[in-house]
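Peer 1: I would like to see how this sequence folds:
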Amino acid sequence: MFSRLTSYVFIIFLLLLISGCEKEEGIGRYGMLEENTPEYTAVMFIRGIYVDDTIDRAVDLSTERMARVLQRYHTQNNIQRHLFNLKYDTVEVTPQSGQSIGRTEFAEVAVITLFFSGQYNGDTVEDLRTLDLKKVDGIWKVDNVQADPFL
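Peer 2: Purely as a prediction, here's the structure:
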């Protein structure tokens, strides 16, 4: 009897533990972007700058050179203003589809264009930015934010 009760308590505990785990919402079209792709890394890098409370995620997803640049600006607002020249109150970021040809698992560098769509001071703002990524020890890292060619 005690063994059966212990089993039930253990199962209930596991169910509560599993239901309490938060999973990052899916990104990309239909929320199905693979975690080991440069597009996923680029979107998560931008979320680290525009959505998170700190720049820690963006720094973790950066090469050493880019991490130094981000840390020099100290805050998300400074990074948005000076590095991206693009400010948002709320933003949705999606990678450009159809640009990549072939499989990225063998590539060492990637150029990803991201579409930004969001609100700033009540106005809808849409823009795009291009990020250069490279593999460091088998993990995609953001190496550079390309300058906006129209500025």
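Peer 1: Okay, now the unreliable bits of the protein?
Peer 2: Under the criterion pLDDT under 70, the flagged ranges of the chain are 1-32, 97-105, 149-151.
Peer 1: for this protein, what spans make up the strands?
Peer 2: Taking DSSP state E as the criterion, the chain carries its strands at 90-95, 109-120, 123-136, 139-145.
Peer 1: Save the ones you listed as TSV, and put in distance to residue 59 and mean neighbour count too.
Peer 2: Glycine gets a C-beta too; all of them are placed from N, C-alpha and C. Converted to TSV, the strands of the chain look like this (distance: least, C-beta to C-beta, whole Å; neighbours: other C-beta atoms under 10 Å):
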stretch	distance to residue 59	mean neighbour count
strand 90-95	18	18
strand 109-120	18	16
strand 123-136	13	16
strand 139-145	10	19
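Peer 1: Which one, of those strands, ends up nearest to residue 66?
Peer 2: strand 139-145 (5.5 Å; C-beta to C-beta).
Peer 1: what's the spacing between that closest one and its chain's center?
Peer 2: 11 Å (C-alpha atoms, centre = their mean, to the nearest Å).
Peer 1: Can you name every helix or strand that that strand contacts?
Peer 2: Packing contacts for strand 139-145, counted by 3 or more C-beta pairs under 8 Å, 6 or more residues apart in numbering; DSSP states H and E, involve helix 38-50, helix 64-73, strand 123-136.
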